[in-house]
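J.: Build me a model:
(one chain, ligands or ions: 1)
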Amino acid sequence: MAVNADGVRAPYVIVLFGATGDLSRRKLLPGLLRLTQAGLLPEARIVGTSLEEMDTEEFVRRAHDACQEFGRCDMSSEAWQRFASVLSYVSQSKGPEELAEAVHKAEADLGADGDVRFLHYLSVPPKAALSVIHQLDEAGLVDRSRVVMEKPFGTDLESAVALNRELHQVFDEEQIFRIDHFLGKEAAQNILAFRFANGLFEPIWNRNFIQHVQIDVPETLGLEGRTSFYETTGAYRDMVVTHLMQVLAFMAMEPPTSLAPGPISDEKLKVFRSMKPIEPHDVVRGQYSGYRGKEEVAEYSDTETFIALRIEIDNWRWAGVPFFLRTGKKLAEGARIISIAFKEPPLSMFPAGSNAGMQGPDHLTFDLADQSRMSLSFYGKRPGPGMQLEKLSMQFATHETASATGVLEAYERLILDAMRGDHTLFTTADGIETLWEKSIPLLQSPPPVRAYAPGSWGPNAIHQLVAPHAWRLPFERSWRDPNSVGQ
Ligand code: BG6
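T.: Below is the predicted model:
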């Protein structure tokens, strides 16, 4: 069987459920186009399906508009035609037989005599996921298949266990890829490279040297057409129990015995198991003023559009080191950072007024933006007479390197990995169930939501939550612009 440079077994029929939805438009269709043009997805057919009635021509037109708006590819007519020719559409409401017929037609087009594999991408709301799984079963599309599932995986422990149980009636765990796109971000994987490929930081990556950690993902966006999904989800289920916890696991885990999926999942699971249950008094929930006035929002909605929490990991490496997590909609700035504050020196011999320690502790900061960056801040002497100190930093940006153009967008990377059968950057049923288990105290008695003004950093109570430390954002000093001299 043909294997391309990245090891994808070709050919593939990709069945995209929710093909006309927001995620497909913004990420999946443009991502598939990019993979095709980059030669990473050589032989494939893409069958789009959703509840909407339309023909292939209409679907191709919509896919074109989506790739035009959100993609970063060659959209010349010749290049587009090559991609358009692999697309087809069948409405999901036509039932399993027609779905099977469309998929087998695409398979026949590939002319590969039983060698074809199927990748079912379920970009559908959580309540629709199981019915798609059963539809695939009825359509006889389980063998030779892999299935990619979008979060949230359940809404609490009970529903997650039930979902996994039902899923396993149709698909083996090996066939299931639970996607968390934060793990597909180059910058998230760089945490592993940084931690485990260097001798410099590993010795100080623990409670003896680290004072606290912040994982801060404020967003300026509101809900833009996703209100009804969000009203039943909220920031904790949408962002924390998913993305922020996965990033935390990369930050906090022990070195895996190898970079293979099993050992990495084992170490992540140990982090989740070591977490203390999340208590309501360690959580601030917020709701931006004006949320309740929106259509599709209950009059007295208790959904949080903001959350900040303190997590403790009760193991030898991290005992006593708080991890503060924050995320929310309509906040002052959009950012995705991990900030590690190091312990301060035991004594200071610098004279009063020298500024020693006045700008907080030394920090190592990872910026998980698409153009990822890292910085290490420390005190240094300000040139001139006397002993005046100031905070300086060493900074590194991926986009300054020669390989910057090779960066794959998170979904592109993960679609490719699922086709290669590589589970390394996917989440596991055990991991997710453990996180829900640790969430029980919070979910059973959530603290009341507090109002915050759109454009702020959340409710005032966030400051008590981190005291005696302070939130790192907004930054006191902005990132250095590599193109401007003299900074
Ligand atoms: C999604 C959440 O999974 O992640 C959204 O559902 C959130 O609410 C988004 O805005 C953030 O992802 P990114 O990659 O834009 O930081």
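
J.: mind showing which ranges of the chain have poor pLDDT?
T.: 1-9, 482, 484-487 (pLDDT under 70).

J.: Check it for the residue nearest the ligand and tell me.
T.: For the chain, the residue closest to the ligand is D238, as judged by Cβ to the nearest ligand atom, at 4.7 Å. All C-beta atoms are positioned from the backbone trio N, CA, C, and that covers glycine.

J.: My guess is that residue contacts T232. True?
T.: No: with contact defined as Cβ atoms under 8 Å, D238 does not reach T232; the gap is 10.2 Å.

J.: sec struct for the residue in the chain sticking out farthest from the centre, please.
T.: Largest separation from the mean C-alpha position in the chain: P385, at 48.6 Å (Cα atoms, centre = their mean). Secondary structure for P385, judged by DSSP: H, G, I helix; E, B strand; the rest coil, is coil.

J.: Same question for P263.
T.: P263 ends up helix, using three-state DSSP.

J.: same check, this time on V90
T.: strand.

J.: Across the sheet, point out what pairs with it.
T.: Judged by DSSP bridges, the bridge partners of V90 are T49.

J.: give me every residue that touches it.
T.: V47, G48, T49, E98, L99, E101, A102 (Cβ atoms under 8 Å, 6 or more residues apart in numbering).

J.: Give me the number of neighbouring residues for the second one.
T.: Residues near G48, counting by other Cβ atoms under 10 Å, number 28.

J.: distance of it from L41?
T.: Separation of G48 from L41 (Cβ to Cβ, to the nearest Å): 16 Å.

J.: The last one too?
T.: For A102, the distance to L41 equals 19 Å [Cβ to Cβ].

J.: Show me which of the contacts of V90 is closest to F194.
T.: G48 (38.6 Å; Cβ to Cβ).

J.: Up against the ligand, what does the chain have?
T.: For the chain, the residues in contact with the ligand (Cβ under 6 Å from any ligand atom) are H181, E219, L221, D238, M239, R336.

J.: Now the buried members of those residues.
T.: Using 16 or more other Cβ atoms under 10 Å as the burial test, the residues of the chain next to the ligand include H181, E219, D238, M239, R336 as buried.

J.: contacting residues for the second one?
T.: Contacts of E219 were listed using Cβ under 8 Å, 6+ apart, and they are T327, G328, K329, K330, L331, G334.

J.: which ones among those are found in strands?
T.: T327, G328 (DSSP state E).

J.: which of the contacts of E219 are buried?
T.: Counted by 16+ other Cβ under 10 Å, the contacts of E219 give T327, G328, K329, K330, L331 as buried.

J.: helices or strands next to the helix or strand harbouring Q211 in the packing?
T.: Q211 is part of strand 210-218, with elements assigned from DSSP states H and E. Packing partners of strand 210-218 (3 or more Cβ pairs under 8 Å, 6 or more residues apart in numbering; DSSP states H and E): helix 245-252, strand 322-328, strand 337-342.

J.: does Y230 really touch G222, like I thought?
T.: No: contact between Y230 and G222 fails when scored by Cβ under 8 Å: they sit 9.6 Å apart.

J.: Which one of these two is surrounded by more residues?
T.: Y230 (23 against 17).

J.: Give me the three-state assignment for the nearest residue to the more buried one once chain neighbours are set aside.
T.: Take Y230 and drop its neighbours on the chain: the residue closest to it by Cβ to Cβ, 6 or more residues apart in numbering is L223, 5.1 Å away. Judged by three-state DSSP, the three-state class of L223 is coil.

J.: next one: the one 5 residues further on
T.: S228 falls in the helix class when you classify it by three-state DSSP.

J.: can I assume it is in contact with A298?
T.: No: between S228 and A298 there is no contact, the gap being 11.0 Å when judged by Cβ under 8 Å.

J.: Switch the buried ones among the contacts of E219 over to TSV; also include distance to L87.
T.: Putting the buried ones among the contacts of E219 into TSV (distance: Cβ to Cβ, whole Å) gives the following:
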residue	distance to L87
T327	35
G328	37
K329	33
K330	36
L331	38
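
J.: which two of those residues lie the greatest distance from each other?
T.: Greatest spacing in the buried ones among the contacts of E219, by Cβ to Cβ: T327 and K330 (11.7 Å).

J.: who's in contact with stretch 270-279?
T.: Against stretch 270-279 from outside (Cβ under 8 Å, 6+ apart): 245, 248-249, 252-254, 309, 311-315, 318, 431, 434-435, 438-442.

J.: now stretch 407-426
T.: Contacts of stretch 407-426 (Cβ under 8 Å, 6+ apart): 6-9, 12, 27-28, 31-32, 34-35, 40-41, 117, 119, 121, 146, 148, 174, 177-186, 189, 259-261, 264-265, 370, 398.
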